[in-house]
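> show me the folded form of this:
(one chain, ligands or ions: 1)
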Amino acid sequence: MDFNKLAELLYADVTALPADVEARFPKRDLPEGAKVTRFAPSPTGFVHFGSLFPTRVSERLAHQSGGVFFLRVEDTDAKREVAGAEKDLIETYSYYDIHFDEGMTLDGSKGEYGPYRQSERKEIYQTFAKQLVREGKAYPCFCTEEELSAIRTEQEALKVDPGYYGKWAIWRDASYEAIEEKINAGEKFVLRFRSEGSVERKIKFTDLIKGSIEITENDKDHVLLKSDGIPTYHFAHAVDDHLMGTTHVVRGEEWLPSLPFHVQLFSALGFKLPKYLHISQLMKLEGGSKKKLSKRDNEASLTFYKKAGYPQKSIVEYVMTLLNSNYEEWHAANPAASFEDFPFSVKKMSPSGCLFDFNKLNDVSKNVISFMTADEVFDGTVEWAEEYDPAFASLLKADPDYAKKILSIGRGGKKPRKDLTLWADVKPYVSFFYDELFAPELSFPDFDKEDIKKALAAFTASYDENDDNNAWFNKVKEIAASLGYADDMKAYKAAPEQFKGSVADISMFIRIALTGRTNSPDMHDIMHIMGRDRALARIENAAASL
Ligand code: GLU
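Numbers count the residues shown, from 1 in each chain. The predicted structure is shown next:
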């Protein structure tokens, strides 16, 4: 068969040669060892939490090596495309600190290796497809859906491998005349790869995460171009990653079975194979056993975390923690450092993948918030509340200084308080500072009511805003002693029967009256922030309710 003639018959309109296209995509001028990586999502309208893993790995590999990280939108499957999905995913990744150097942007694209949307690269794919036909490495197939499904049925009945190969590949060795007849009749065709692989052989391959693997060769004549001339993922990624200079392909392990085909494709096209890193799917524990985090799981949707009130940074940190087991230790030693300073290593990634765990995420989040400034907590909370609790956002914004003073409690030291996991925790945490939110169910411990009343009255009478923490507490001790409660914990523990209670109980009476709860940050701080009037009114109201 004259393959040149066949190529002209199939793609008369395609006049460019691969060399013309190659000239438009020169080799990148990057320092030795610089990695070029990409994220290549299909805009299907759902950004899976799990996608933060390959994106972060790609981003780190590129940026840690002085390379390039780009965004290519793989929109060749019009059926799955959702309007607005591209914008949505760019915004989502940027929110999670995943920034691309090249590729699609909110207002177009940037970079010299575009178009970065596959739907706009049709003639590029066809140029390479035509070359494969010229070289006898690809051929047209005119099978109808019915014919293909009849082949499948027969293969099932015979219990043989399904697919288009060997004797089932009925167009593989068709004559030029047979093909020409179909073309002249205006029939549609798909372009198939002529596989030289055999299931009797295996390919050896090194995946940078999974290590060395052996997989059976591909013997299927897979589709390269669909009948509308649009490529399949396999063909498009080979052409694009070659032209765009990708050195490392980081993608989900669901692509691993297609790898033998991809290896063949790169070789047939005369392209250097990039390095591959296949990331295992994120798992979660359910009923004691591991299961894949599916799109239907709450945890899979990034909107879920946003709505729940996880700071963006907590998610970023959590992903790093799961990716590299030594990240947490490093971060504990360098609490103020950015994740970008961490020496990320692919070697530290687990080949079997990560396990999602809420406790761990919450732990990370508590830590993240504890190291924020009061301003950051204020801004994060307001931003979240504006969307999910507007009344609370207004309350905070009505007096930012007051809110920031509250949020400063226990912040800034080496061991900051860890009261908050979510932005949503801020409201219950600060509610007692706001008369609008303060709705105490005062439940005092089981002591003589008169003692509680007397303690509160004595405290109110002796309160002096200028007292420092020590003077403040000494007064509480004096009140304790005057009511027959131990003012010294050691003495109390040695002979509790000699006292009605201890200074800790007196403190608790004040705490409950002031905050409506048994647990709170430092009371001296609280009273200063609340101001004398509000604080004393609280205590008087509580005493009156007894
Ligand atoms: N468009 C493919 C996907 O969304 C990309 C896989 C890859 O990164 O090569 O799964």
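> residues of the stretch 1-150 of the chain that sit close to the ligand?
40-42, 74 (C-beta under 6 Å from any ligand atom). All C-beta spots, glycine's among them, are computed from the backbone N, C-alpha and C.
> need the max-distance pair from the residues you listed.
Spatial extent of these (C-beta to C-beta) is set by the pair 40 and 42 at 8.1 Å.
> more neighbours, these two?
residue 40 (25 against 17; other C-beta atoms under 10 Å).
> returning to what we had before: quick one: common contacting residues for residue 40 and residue 42?
Both residue 40 and residue 42 are contacted by 73-74, under the criterion C-beta atoms under 8 Å, 6 or more residues apart in numbering.
> among the residues of the stretch 1-150 of the chain next to the ligand, which ones are in helices?
Counted as lying in helices by DSSP state H, out of these, is not a single one.
> count the neighbours of the closest residue in space to residue 356 that isn't next to it in sequence for me.
Nearest non-adjacent residue to residue 356, counting by C-beta to C-beta, 6 or more residues apart in numbering: residue 284, 4.4 Å away. Close neighbours of residue 284, defined as other C-beta under 10 Å, add up to 17.
> need the contact list for residue 284.
Contacts of residue 284 by C-beta under 8 Å, 6+ apart are 290-291, 293, 297, 299, 355-357.
> need those in a markdown table with neighbour count and secondary structure, can you?
Below are the contacts of residue 284 laid out as a markdown table (neighbours: other C-beta atoms under 10 Å; DSSP: H, G, I helix; E, B strand; the rest coil):
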| residue | neighbour count | secondary structure |
| --- | --- | --- |
| 290 | 12 | strand |
| 291 | 12 | strand |
| 293 | 20 | coil |
| 297 | 17 | coil |
| 299 | 18 | helix |
| 355 | 14 | strand |
| 356 | 19 | strand |
| 357 | 15 | coil |
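> of all of the stretch 1-150 of the chain, which residue lies closest to the ligand?
residue 74 (3.6 Å; C-beta to the nearest ligand atom).
> phi first, then psi, for that residue.
Main-chain dihedrals, residue 74, degrees, to the nearest 10: phi -100, psi 80.
> and for it, the neighbour number?
Residue 74 has 19 neighbours, counted by other C-beta under 10 Å.
> residue 20: which element?
Using DSSP states H and E, residue 20 sits within helix 18-24.
> show me what that helix is packed against.
Helix 18-24 sits against helix 122-134, with contacts defined as 3 or more C-beta pairs under 8 Å, 6 or more residues apart in numbering; DSSP states H and E.
> elements contacting the helix it packs on?
Using 3+ C-beta pairs under 8 Å, 6+ apart, the elements in contact with helix 122-134 are helix 3-10, helix 18-24, strand 138-141, strand 190-193, strand 223-225, helix 233-243, helix 259-269.
> and if we set it to 7 Å?
Applying 3 or more C-beta pairs under 7 Å, 6 or more residues apart in numbering; DSSP states H and E, we find helix 122-134 packed against helix 3-10, helix 18-24, strand 138-141, strand 223-225, helix 233-243.
> for the protein, what are the low-confidence residue spans?
Along the chain, the model assigns pLDDT under 70 to no residue.
> could you rerun that using 80?
For the chain, the stretches flagged by pLDDT under 80 are 78-81, 440-441.
> so which bits of the protein are right by the ligand?
Counting by C-beta under 6 Å from any ligand atom, the residues of the chain close to the ligand are 40-42, 74, 233, 237, 249, 251.
> most widely separated two among these?
Maximum pairwise distance among those (C-beta to C-beta): 15.3 Å, between 42 and 249.
> which residues are contacting stretch 148-164?
Residues from elsewhere that reach stretch 148-164, judged by C-beta atoms under 7 Å, 6 or more residues apart in numbering: 168, 192, 220-221.
> residues in contact with residue 131?
Taking C-beta under 7 Å, 6+ apart as the criterion, residue 131 is in contact with residue 18.
> report the separation between it and residue 296.
43 Å (C-beta to C-beta, to the nearest Å).
> returning to that earlier point: identify, from the residues of the chain next to the ligand, the entry nearest to residue 127.
Within the residues of the chain next to the ligand, the smallest distance to residue 127 is 16.1 Å, found for residue 237 (C-beta to C-beta).
> burial count for that closest one?
Neighbours around residue 237, by other C-beta under 10 Å: 25.
> how near is it to residue 259?
Residue 237 is 11 Å from residue 259, where distance means C-beta to C-beta.
> neighbours around residue 255, how many?
16.
> one more: residue 539?
21.
> give me the three-state assignment for residue 353.
coil (DSSP: H, G, I helix; E, B strand; the rest coil).
> that one is in contact with residue 281, isn't it?
Yes. Between residue 353 and residue 281 there is a contact under C-beta atoms under 7 Å: 6.2 Å.
> just the strands in the protein please.
For the chain, applying DSSP state E gives strands covering 36-39, 68-71, 102-105, 108-110, 138-141, 190-193, 202-207, 211-216, 223-225, 248-252, 275-279, 283-286, 289-292, 355-356.
> which residue sits closest to residue 38, ignoring its sequence neighbours?
Nearest one to residue 38, counting by C-beta to C-beta, 6+ apart, is residue 70 at 4.9 Å.
> and what of residue 478?
residue 487 is the one closest to residue 478 (C-beta to C-beta, 6+ apart), at 7.2 Å.
> with residue 60 instead?
Spatially, and ignoring its direct neighbours in sequence, residue 60 is nearest to residue 344 (4.3 Å; C-beta to C-beta, 6+ apart).
> what's the local residue count around that neighbour?
Neighbours of residue 344 under the rule other C-beta under 10 Å: 21.
> now swap in residue 98 and tell me
Look at residue 98: counted by other C-beta under 10 Å, it has 20 neighbours.
> please renumber the chain so that the first residue is 13 from this point on.
Will do, 13 is the new start, and the previous item becomes residue 110.
> how close does residue 314 sit to residue 83?
Residue 314 is 17 Å from residue 83, by C-beta to C-beta.
> who has more neighbours, these two?
Comparing residue 314 with residue 83 by other C-beta under 10 Å, the one with more neighbours is residue 83, at 27 against 22.
> surely the more buried one and residue 117 touch.
No. Using C-beta under 7 Å, residue 83 is not in contact with residue 117, being 8.1 Å away.
> which residue packs closest to the one residue in the stretch 213-362 of the chain that gets nearest to the ligand, ignoring adjacent ones?
Residue of the stretch 213-362 of the chain nearest the ligand, by C-beta to the nearest ligand atom: residue 263 (3.5 Å). Take residue 263 and drop its neighbours on the chain: the residue closest to it by C-beta to C-beta, 6+ apart is residue 66, 6.0 Å away.
> burial count for the residue nearest to residue 53 when sequence neighbours are not counted?
Leaving aside its chain neighbours, residue 53 sits nearest to residue 101 (5.8 Å; criterion: C-beta to C-beta, 6+ apart). For residue 101, the tally of surrounding residues (other C-beta under 10 Å) stands at 24.
> next one: residue 101 from residue 386, what distance?
Separation of residue 101 from residue 386 (C-beta to C-beta): 33 Å.
> nice, that's everything, thank you.
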